[in-house]
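[1] all I have is the shape, not the residue letters:
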């Protein structure tokens, strides 16, 4: 089975063994055993939901440090569209872009610009009519991985275009190599990411063998340092760097990508639980008349990423204000280049199967149903699994015991006490303690 890289990790020292994370994980990838959580790696999609809900900050994301700027001769910053929504009273995107140059980057290439190119490519491909409808966006790597492990029947519906950040990295690195004469390995593309799933996507890219993104830093890491730089940046003349319009910046929030395809027959959903509901309905063929589906694992879209600093709903409002006076789009293409298309097909990853052999899997499924019938069905999570069925599956896999169920444990203790009382009848009467004598001893 494929080995997964994960940007979401667990700090066991901080974990208190609560069950907040297991109840919110969309792929049931977390268990609590011996008062500590652990992540089932092959199931995790790095959506960051556990980071969001953990009250003890025991879950965290792995990303590159800001020192990565010094590791290349020429460094290109790739700010996400949602990054612009983190700043207060920002009216000119050029302030942020110029501040990134003052911070130490040699060049800035807006991911919003690449988003407009991807939107144009999507319109072309959909107009050609060769994609199975409805077409599912490939922009959110957490959603794409979710489909790979849980909804394999929908893989063919995923848009075969690389995500905007990947397109931005490829274009910017190619153009920088021509301009500077440096070899690609000495040019670093650094994505400023709102979420851990995009960190994972650079290590295990979707639709391609190798990512053109060389490093990923978190919005929350660079934000406080960039704010102080921006004060000086705004005080001197700035370069006109903005090359994206409304469509590009709109990608930072939910339904932004849909607005870019210029087709009203779409559906947009955000928040991992809502995404799962849509995918389940789509699997049941309930959306036959929809042309395009945009799905974002984070609530509100990328503005809701756990690596951001601003409240997602406030950020969404800020993004709307910034883009209000921009042109619709500044980037257009006449044809879809191979540079933007997948060169590696997505494959189903059967991490949820009980067994590779069909008949054995069916036998195990019957055993799971049998164990489930003996459980309370309350899905309380006290056993350390997110649901009674998940516990039953763990039992069949040999990873847990049915007695881990607290209600079953209580029942066993009750039966044990009853058996002990029955044993008292076998003690000869002269040696059997009287109730009154026991009460006197207690007094």
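    Sure thing, it's come through. The structure displayed is predicted, hence computed values, not measured ones.

[2] how about the helices in the stretch 301-443 of the chain?
    In the stretch 301-443 of the chain, helices defined by DSSP state H, counting those that start in this stretch lie at 312-323, 358-374, 388-396, 406-423, 435-442, listed in chain order.

[3] tell me the most buried of those?
    helix 388-396 (a mean of 22; mean count of other Cβ atoms under 10 Å). C-betas here are computed from N, CA, C, even on glycine.

[4] out of the helices of the stretch 301-443 of the chain, which comes closest to residue 336?
    helix 312-323 (25.0 Å; Cβ to Cβ).

[5] wait, what's in contact with residue 408?
    374, 375, 376, 402 (Cβ atoms under 8 Å, 6 or more residues apart in numbering).

[6] repeat that for residue 173.
    76, 184, 187, 189, 212.

[7] which one of the helices of the stretch 301-443 of the chain has the lowest average pLDDT?
    If you rank the helices of the stretch 301-443 of the chain by mean pLDDT, helix 435-442 sits at the bottom with a mean of 51.

[8] what segments of the stretch 151-300 of the chain are helices?
    164-180, 196-203, 219-233, 246-250, 256-260, 272-283.

[9] adding distance to residue 304 and mean pLDDT, write those helices out as CSV.
    Shown next, in CSV, are the helices of the stretch 151-300 of the chain (distance: least, Cβ to Cβ, whole Å; pLDDT from 0 to 100):
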stretch, distance to residue 304, mean pLDDT
helix 164-180, 17, 97
helix 196-203, 12, 94
helix 219-233, 12, 94
helix 246-250, 15, 96
helix 256-260, 13, 93
helix 272-283, 10, 95
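
[10] circling back to that earlier point, neighbour-wise, which one of the contacts of residue 173 leads?
    residue 189 (29 neighbours; other Cβ atoms under 10 Å).

[11] just list the residues touching the residue nearest to that residue when sequence neighbours are not counted, thanks.
    Nearest residue to residue 189 in three dimensions, chain neighbours excluded: residue 169, at 4.2 Å (Cβ to Cβ, 6 or more residues apart in numbering). Residues near residue 169 by Cβ under 8 Å, 6+ apart: 76, 78, 189, 191, 211, 212, 213, 214.

[12] got it, and residue 397?
    Taking Cβ under 8 Å, 6+ apart as the test, what residue 397 contacts is residue 354.

[13] offset the numbering so it begins at 28, please.
    Understood, numbering begins at 28; the last thing we discussed is residue 424.

[14] now, the most widely separated pair of the contacts of residue 196?
    Most distant of these, by Cβ to Cβ, are 103 and 238, 14.0 Å apart.

[15] picking up where we left off before, save the helices of the stretch 328-470 of the chain as CSV, and put in distance to residue 230 too.
    Below are these laid out as CSV (distance: least, Cβ to Cβ, whole Å):
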stretch, distance to residue 230
helix 339-350, 25
helix 385-401, 31
helix 415-423, 28
helix 433-450, 39
helix 462-469, 65
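
[16] pull up the distance across stretch 176-192, start to finish.
    The straight-line separation of the ends of stretch 176-192 (Cα to Cα, to the nearest Å) is 23 Å.

[17] what about the helices in the stretch 28-177 of the chain?
    Counting by DSSP H, counting those that start in this stretch, the stretch 28-177 of the chain has helices at residues 47-51, 76-80, 120-130, 138-155, 168-177.

[18] how many neighbours does the closest residue to residue 373 other than its chain neighbours have?
    Nearest non-adjacent residue to residue 373, counting by Cβ to Cβ, 6+ apart: residue 182, 5.2 Å away. When neighbours are counted by other Cβ under 10 Å, residue 182 registers 15.

[19] and residue 121, what's its pLDDT?
    For residue 121, the model assigns a pLDDT of 95.

[20] correct me if wrong: residue 90 contacts residue 226.
    Yes: with contact defined as Cβ atoms under 8 Å, residue 90 reaches residue 226; the gap is 5.2 Å.

[21] which one of these two has more residues nearby?
    Legend: neighbour count by other Cβ under 10 Å for residue 90 and residue 226, higher for residue 226 (27 against 21).

[22] who's in contact with the nearest residue to residue 406 once chain neighbours are set aside?
    Closest residue in space to residue 406, ignoring its immediate chain neighbours: residue 414 at 4.3 Å, by Cβ to Cβ, 6+ apart. Residue 414 makes contact with 55, 406, 408 under the criterion Cβ under 8 Å, 6+ apart.

[23] got phi/psi on residue 414?
    Main-chain dihedrals, residue 414, degrees, to the nearest 10: phi -150, psi 170.

[24] find residues that contact each of residue 90 and residue 226.
    34, 220, 243.

[25] neighbours of the second one, how many?
    Counted with other Cβ under 10 Å, residues neighbouring residue 220 total 34.

[26] ok, the first one next?
    By the criterion of other Cβ under 10 Å, residue 34 has 25 neighbours.

[27] ok, residue 71 next?
    24.

[28] find the nearest non-adjacent residue to it, please.
    residue 56 (4.4 Å).

[29] in contact with that neighbour, which residues are there?
    Residue 56 neighbours (Cβ under 8 Å, 6+ apart): 66, 67, 68, 70, 71, 72.

[30] quick check: phi and psi on it?
    phi -90, psi 0.

[31] gap between it and residue 232?
    21 Å (Cβ to Cβ, to the nearest Å).

[32] what of residue 94?
    From residue 94 to residue 232 the distance is 24 Å (Cβ to Cβ).

[33] so those two - more neighbours on which side?
    Neighbours were tallied for residue 94 and for residue 232 using other Cβ under 10 Å; the higher tally belongs to residue 232 (19 against 9).

[34] tell me how far the more buried one lies from residue 190.
    Counting by Cβ to Cβ, the gap from residue 232 to residue 190 is 9 Å.

[35] what of residue 209?
    Applying Cβ to Cβ to residue 209 and residue 190 gives a distance of 25 Å.

[36] look at these two and report which has more neighbours.
    More crowded of residue 209 and residue 190, by other Cβ under 10 Å: residue 190, with 26 against 15.

[37] grab the nearest non-local neighbour of the more buried one.
    Here the residue nearest residue 190, using Cβ to Cβ, 6+ apart, is residue 166, at 5.0 Å.

[38] show me what contacts the one you found?
    145, 190, 191, 278, 284, 321.

[39] again, but for residue 44
    59, 62, 63, 64.

[40] quick check: the gap between the first one and residue 50.
    To residue 50, residue 59 is 11 Å away according to Cβ to Cβ.

[41] more neighbours: those two, which one.
    When residue 59 and residue 50 are compared for neighbours, residue 59 comes out ahead with 22 against 15, by other Cβ under 10 Å.

[42] tell me what the more buried one is bridged to.
    residue 64 (DSSP bridges).

[43] I figured it hits residue 411, correct?
    Yes: with contact defined as Cβ under 8 Å, residue 59 counts as touching residue 411 (3.8 Å).

[44] ok now do residue 104, which residues does it touch?
    127, 132, 134, 135, 136, 217, 219.
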